[in-house]
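Participant: structure for this input, please:
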Amino acid sequence: MNGPPYPDTRGLVEALRRQTPPDLQYMITDMFETITLYDNKAVSAKVEPTADHKYKVTLIVDARKMRANGEGAETQIPIHDLIEVGVFKARKTASSPCTPRRCGSPSRARSSRSSSTSRPPAPPLTL
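Facilitator: As a prediction, the model looks like this:
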């Protein structure tokens with residue numbers, strides 16, 4: 001075992017910051033430097049067949065982001081985060097667990113109510 005200085009999380013955070021692009025730096029702050037909480041929920045979902053025999057899924061999502069202090073007091077802060085939403089292609093059974101299928105890139109929530117559209121190749125059974 002080496003002697004001092006011993007590694008700690010500050011070194012990890014510095015290394016992560018060096019490798020993270022500028023538009024994702026907020027994630028380092030949210031995950032390692034502050035107590036960040038999210039309250040996300042799907043408000044509505046609409047599925048439409050498309051001319052190319054695929055499907056267009058439009059989701060309306062409410063997303064809130066909060067910071068908490070050491071005593072648990074939460075304050076809502078502006079959200080401009082990448083939010084990943086799963087579209088499920090099958091029903092869950094004991095022999096066939098339902099797994100999310102990624103249909104496109106995560107959407108960036110720019111306000112507390114956002115719309116996300118994906119184009120899965122098969123009709124989703126669960127959103």
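Participant: secondary structure element for Gly70?
Facilitator: Using DSSP states H and E, Gly70 is not contained in any helix or strand.
Participant: the nearest residue in space to it that is not next to it in sequence pairs with what?
Facilitator: Leaving aside its sequence neighbours, Gly70 sits nearest to Ile35 (Cβ to Cβ, 6 or more residues apart in numbering; 7.9 Å). Where you see a C-beta, it was placed from the backbone N, CA and C, and this is true even at glycine. Beta-bridge pairing of Ile35 under DSSP bridges involves Ala68.
Participant: which residues touch Thr117?
Facilitator: 56-59, 104 (Cβ atoms under 8 Å, 6 or more residues apart in numbering).
Participant: picking up where we left off before, I figured the residue nearest to Gly70 hits Glu71, correct?
Facilitator: No: between Ile35 and Glu71 there is no contact under Cβ atoms under 8 Å: 10.5 Å.
Participant: so which of these two has more stuff around it?
Facilitator: Ile35 (12 against 5; other Cβ atoms under 10 Å).
Participant: show the backbone phi and psi for the nearest residue to Thr36 once chain neighbours are set aside.
Facilitator: Leaving aside its chain neighbours, Thr36 sits nearest to Asp30 (4.0 Å; criterion: Cβ to Cβ, 6+ apart). Backbone torsions of Asp30, given as degrees, to the nearest 10, read phi -60, psi -40.
Participant: from Leu24, how far off is Asp30?
Facilitator: For Asp30, the distance to Leu24 equals 10 Å [Cβ to Cβ, to the nearest Å].
Participant: per-domain residue ranges of the protein.
Facilitator: 1-33, 37-118 (automatic domain parsing).
Participant: between those, which gets the lowest average pLDDT?
Facilitator: In terms of mean pLDDT, the lowest-scoring of these is domain 37-118 (a mean of 76).
Participant: which other helices and strands contact the helix with the most length in the chain?
Facilitator: Longest helix of the chain, by residue count under DSSP state H: helix 9-19. Judged by 3 or more Cβ pairs under 8 Å, 6 or more residues apart in numbering; DSSP states H and E, the packing partners of helix 9-19 are helix 25-28.
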